[in-house]
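Engineer: Build me a model from this:
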Amino acid sequence: MPIRAVLWDIDDTIFDYTGADHAGMQQHLSNEGLPDGYASVGQALGRWRELTDHHWARFAAGETDFQGQRRDRVRSFLGRELSDDEADAWFGRHVVHYEAAWALFPDALPVLDMLAHDYRHGVLSNSSIHNQDRKLRVLGVRDRFEAVVCAVELGLSKPDPAAFHAACEALDLAPHEVAYVGDQPDIDAGGAVAAGLVGIWLDRAGLGGRPELTRITGLDELPGVLRADTRFGAPSTFG
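Structural biologist: Numbering: from 1, shown residues only. Here you go, the predicted structure:
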């Protein structure tokens, strides 16, 4: 049976999360001052990214909740004890600058336009529906997706096969009828394949080295990958 839908990751796939987070934190530090223990803004930004990856992995593993991973990031970054309210306030001031830098990748909208009539579209994200639904609306693309499925509400996250299956169920499609596109080789593409979907790794950095995965280095390559396989190309039922 042909592929009938594309499921999308959001952050660092269609939305430039890393760029927005970097720009937002840089402005935040300019306002707040460089925390003790950091020799430069560059060092602080690198540490923030490390802590983001670490505490997000803890959240994905069920070791903390969504708000908890935010608070733990702030405490680890500043290197001091903070109340929940203090951590929330510091993160909230960062969010103002982070959201001001929100942007789609330049290749996202053209590809969504190109695929709109041939495939149905949905989202599976390891975040919360509150954050991701709002983000998609601010970016002007929420109406492109029939369903937005998020880990916080599911109670499980990628690469758990059940997360992928839940997103397929939201589209009322079998896993083998769905392709998944994301920037993480294991969590996204590898997890999708293990769950019975077609997994496509968006390797924007050109890292390579995973020959077992279907890999693209930009979304402009996605239509060719989809249409090169005779299983692809079912008419859309979106709308």
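
Engineer: Direction included, what does the helix or strand encompassing residue 215 pair against?
Structural biologist: Element membership for residue 215, per DSSP states H and E: strand 214-216. Paired strands of strand 214-216, with direction, are strand 198-202 (parallel) (DSSP bridges).

Engineer: thinking again about what came up before, give the next helix or strand downstream of the strand holding residue 215.
Structural biologist: helix 222-227.

Engineer: Residue 76 and residue 5, how far apart?
Structural biologist: 39 Å (CB to CB, to the nearest Å). Just so you know, the C-beta spots here come from the backbone N, C-alpha and C atoms, and that holds for glycine as well.

Engineer: With neighbour numbers in mind, choose between the two.
Structural biologist: Ranked by neighbour count (other CB atoms under 10 Å), residue 76 and residue 5 place residue 5 first, with 24 against 15.

Engineer: Model confidence for the more buried one, exactly?
Structural biologist: Residue 5 is assigned a predicted lDDT (pLDDT) of 97.

Engineer: Could you find the closest non-adjacent residue to it?
Structural biologist: residue 120 (3.9 Å; CB to CB, 6 or more residues apart in numbering).

Engineer: any idea how far the one you found lies from residue 170?
Structural biologist: 11 Å.

Engineer: Report the residue ranges of every domain in this structure.
Structural biologist: Domain ranges of the chain: 5-16+103-227, 17-100, per automatic domain parsing.

Engineer: Could you tell me the least trusted of those?
Structural biologist: With a mean of 93, domain 17-100 has the lowest mean pLDDT of these.

Engineer: Show me what the longest helix along the chain is in contact with.
Structural biologist: Across the chain, the longest stretch assigned as helix under DSSP state H is helix 41-60. For helix 41-60, the surrounding residues in contact (CB atoms under 8 Å, 6 or more residues apart in numbering) are 18, 21-22, 25-26, 29, 34-35, 38, 64-66, 68-70, 72-73, 76-77, 126, 151, 157-158, 187.

Engineer: Likewise for stretch 128-148?
Structural biologist: 8, 10, 14-15, 66, 99, 102-104, 108-109, 112, 116, 120-123, 125, 150-153, 167, 170-171, 238.

Engineer: can you tell me which of those are in helices?
Structural biologist: Filtering the contacts of stretch 128-148 for helices - DSSP H - leaves 66, 99, 108, 109, 112, 151, 152, 153, 167, 170.
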